[in-house]
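>>> Sequence and predicted structure, then a few things I'm wondering about:
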Amino acid sequence: MEFRHLFVCVNQRPPGHPMGSCTDKGGREIYSKLMEKIQMDPELFMSTVVTPTGCLGPCGMGATLVVYPEGVWYGNVKPSDVEDIVQSHLKGGQPVERLVVSRGKPPGMF
């Protein structure tokens, strides 16, 4: 299994902020669910790191996370999507296409 590092936005902005925040869109719950899945799977536990982060940039696409080394950016992720990301991407090596918003660079970058 390939080593992977996931960064999950858990940024929290003040209520009513025009950019919104990933925490308001489930970022912390996504992070918690990923940690739970990885810690309960010996293979993933030895090959996957999950780091909560501040703003990753594409706030309008939140909740967002990125998977390295592939550089796959996921947007509009819901806590219910965690199982698909774990099974398809982390265990199967296939990104969850319906959630991919960019590959190799942050969305919106040239």
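Looks like it arrived, so ask away.
>>> for the protein, longest helix please?
Longest helix of the chain, by residue count under DSSP state H: helix 27-39.
>>> what's in contact with that one?
Residues from elsewhere that reach helix 27-39 (Cβ atoms under 8 Å, 6 or more residues apart in numbering): 6, 8-11, 21, 44-45, 48, 50, 52, 62-65, 77-79, 81-83, 85-86, 90. For glycine as for every other residue, the C-beta is placed from the backbone atoms N, C-alpha and C.
>>> With stretch 78-93 instead?
For stretch 78-93, with Cβ under 8 Å, 6+ apart as the criterion, the contacting residues are 1-2, 4, 26, 29-30, 33-34, 37-38, 41, 43-44, 48, 63, 65, 67, 72, 74, 77, 94-96, 99.
>>> who's in contact with the residue nearest in space to the middle of the chain?
Nearest to the geometric centre of the chain sits residue 65, at 2.5 Å (Cα atoms, centre = their mean). Residue 65 makes contacts with 6, 7, 8, 9, 30, 56, 73, 74, 77, 85, as judged by Cβ under 8 Å, 6+ apart.
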